[in-house]
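Engineer: Next one to model:
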Amino acid sequence: MQHILLTSFLILLFCSCSPEQEQKDTETAPGSLEKLPVTQEKGCRACHSMTPDPAHNFNCIICHNGDGDTKDKEVAHDGLIKLPSHPANMRITCGKCHPKMVESTEHSLHFTLKNKTNLVRAVFGAKNELSSLVDIPITESPETPLELADDLLRRRCLRCHPYTSGDRYPAIARGTGCAGCHLEFYEGKLVSHSFLKTPGDTQCLQCHYGNWVGYDYYGRYEHDMNDEYRTPYTTQNDYFRPFGVEFHQLSPDIHQKKGLVCVDCHGGNELMSKQGTKINCSGCHDKDTLISNRSGLDVSIENEGDHYFLLSTGDNKKHEIPFMKHPAHFEFENIANCQVCHAQWAFGDTGTHLLRSDLDEYDDFARLTIQGSFEVEKILKNNLDFDADTIFHSMTDKISGESRPGLWYKGYVTRRWENVTIGRDQSDRLQVMRPLLDLHLSWIDEDEVVRFDSIQASSGNNGLRPYVPHTTGKAGLFYRERIESFLQSEKTVVQ
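Structural biologist: Predicted coordinates for the structure are as follows:
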C-alpha cells in the first residue's frame, strides 16, 4: 500500500507545472495581441504578446498612441489608436515613416476603386464621376435607379476595400488600410505582427476571391447558391467554407502551377501608384519588349546569355521565360488579346439579380441562405430558426459602418464557365468578354410595395465587358476556331 501511495505522489509531483511553466503556458503565440497575465512591468508588452519584424521593432505607441510608461490600463489606453493603418489614421501613423508611399497609395486605383465604382454608377444613370468610393452618396429611401445602385454599392458590393476589414468568413476577414495587404490575418484575428514587405497570395485572395480575377488563378469557380449545390451535401450541419461559397476546382493558371504568385506580375508600381502602370503578356514573353523595358519592370529579371529568368517571390526560384515563337502570335498580334487563345475557361455569370427587401420575411430564401455575404447568411439562418432570438433586419454600410434597414439578396440566371465569350473592345481588338454589367436591381419596401422591379443596367451588349481571365494555358488545338467562329458570327449578323 505504501508503495502505491509513494508512486502516486511521485507521478503528481513530476506532472505538476512550476509557476514559471504555468505562466509560459498562458502566453499567446508570438505576433498576437492577446492579453498576457497581469504583471508589475510597465508598457504595452507587459500585457500584450507582440513580436514585430526588425524594421518595426520600436515602441508600440509610435503607431498606436497611448501611454507606454504606465501599468495602469486606463492611462495606457488614453488616446489609443486601435487601427493605426486604417485610411482615417494612416497618414499620421504609417505616414510618419512612409509619407510618399502613403500619399501615392491613397490615390491609387487599387485604393479608391473609382473605376469600378464609376462603371456601375454610369450604367444606372450617373452623369459625373466620383474620385473615390467614399464619395458615393447615402440615400436611405432611393427614388431613382442610381440612388438604389448607390445603396447596393455601399451595403452589399463594396466589402473589399481598405475602409473595411472584409467579410467575416475565415479566409476573407483581414486588416484595414495598409494592414489589409501587409499583415497576416485569419478568422479576423492577427496572426503575426511581422509586416510583409511583399504580400502573398493569401493577402490577395482576401479581396480577389469568389468569381473575380484572382480566384480563377487558382482554378476556382463558385458553386450555385441553391442548397442543392452545397458540397459536401448537407441540409443540417454547417461546414468549413473559408471564402463563403464552395467552389468547383477547375484548371489553375499555368503561372500558378509553375509557382509564381500574384505580385510576380502585379507589383507595387501597378497597385500602389497614382498612375497604375499596367502590365501585359508581351512585357515578359516578347523578347524585344522585355529587353527594352527590363529596367522599368516591377519584377526581378536575370539573363544568362540569350536565356532570361524571372525570380519569383513565391518560391524564390528562377523560372525561365518562354518567348513567343509560334507563327500564330505574329498572325493575330494586332487582332486578338493573348487570352482569346490562351484562356482555358472564363467567368460567365449571366443575369445577376440583386433585390433589396425591407420585409422581415425569409421563407422564400430558405434554400438560398448561402449568399456570399456573411451578414446576409447570418440573418437568414438565424431568423429562419423559430427558437432563436430575432436579429434586426438590416445591413451595415461598408464604408461608414452604420446600419440601415433592408437586406440585399443576390441570385443569377446561370453560372457557367465552359464557353469563352469573345467580343471587341473600344479599339476593335478581340478580347475575352464577361457579362459584368448584366445587372438587374429590385426593391420591395416594408409595406410590400415594389418600388423598383428588375431595373436593368443600360450597358448594352448584354452587359458584356472586356476582361483578362487568369486561366492561362496552352492554346491547344482549337485556338483558331475560337477566332474564326467569332469572325464568322459577325458576318452572319451583318448579312
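Engineer: Geometric centre of the protein: which residue is closest?
Structural biologist: Computing the C-alpha centroid of the chain and ranking residues by CA atoms, centre = their mean puts C207 first, at 0.5 Å.
Engineer: Could you report the pLDDT at it?
Structural biologist: In the prediction, the pLDDT value recorded for C207 is 94.
Engineer: all strands for the stretch 51-200 of the chain, in order.
Structural biologist: 184-186, 189-192 (DSSP state E, counting those that start in this stretch).
Engineer: What is the shortest one packed up against?
Structural biologist: In other words, strand 184-186. Identification of packing neighbours for strand 184-186 by 3 or more CB pairs under 8 Å, 6 or more residues apart in numbering; DSSP states H and E yields strand 189-192. The C-beta positions use only the backbone N, C-alpha and C, and glycine is treated the same way.
Engineer: Run the chain-centre distance for whichever helix or strand comes after the strand it packs on.
Structural biologist: Once the chain leaves strand 189-192, the next helix or strand it forms, by DSSP states H and E, is helix 201-205. Helix 201-205 has its average C-alpha position 7 Å from the chain's average C-alpha position, going by CA atoms, centre = their mean, to the nearest Å.
Engineer: can I assume H319 sits in a strand?
Structural biologist: Yes: secondary structure of H319, determined by DSSP: H, G, I helix; E, B strand; the rest coil: located in a strand.
Engineer: The closest residue to it other than its chain neighbours is in what secondary structure piece?
Structural biologist: Using CB to CB, 6 or more residues apart in numbering and skipping residues adjacent in sequence, the residue nearest H319 is L310, 5.0 Å away. Element membership of L310, judged by DSSP H and E, is strand 307-311.
Engineer: Could you do F486 as well?
Structural biologist: With elements taken from DSSP H and E, the one containing F486 is helix 479-494.
Engineer: export that helix as PDB, just CAs?
Structural biologist: Output for helix 479-494, consisting of C-alpha atoms alone and laid out as PDB, is shown next (Å, rounded to 0.1, in the frame of the first residue of the first chain):
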ATOM      1  CA  TYR A 479      -7.500  28.500 -80.700                       C
ATOM      2  CA  ARG A 480      -8.000  29.300 -84.400                       C
ATOM      3  CA  GLU A 481     -11.600  28.000 -84.200                       C
ATOM      4  CA  ARG A 482     -12.400  30.500 -81.400                       C
ATOM      5  CA  ILE A 483     -11.300  33.400 -83.500                       C
ATOM      6  CA  GLU A 484     -12.700  32.200 -86.800                       C
ATOM      7  CA  SER A 485     -16.100  31.300 -85.300                       C
ATOM      8  CA  PHE A 486     -16.400  34.800 -83.800                       C
ATOM      9  CA  LEU A 487     -15.500  36.400 -87.100                       C
ATOM     10  CA  GLN A 488     -18.000  34.300 -88.900                       C
ATOM     11  CA  SER A 489     -20.700  35.200 -86.400                       C
ATOM     12  CA  GLU A 490     -20.100  38.900 -87.100                       C
ATOM     13  CA  LYS A 491     -20.500  38.200 -90.800                       C
ATOM     14  CA  THR A 492     -23.800  36.400 -90.200                       C
ATOM     15  CA  VAL A 493     -25.100  39.300 -88.100                       C
ATOM     16  CA  VAL A 494     -24.300  41.800 -90.900                       C
END
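Engineer: For that helix, what is the distance to the chain centroid?
Structural biologist: Here helix 479-494 is found 35 Å from its chain centre; the criterion is CA atoms, centre = their mean.
Engineer: what do you get for stretch 368-378?
Structural biologist: For stretch 368-378, the distance between its averaged C-alpha position and the chain's averaged C-alpha position is 17 Å (CA atoms, centre = their mean).
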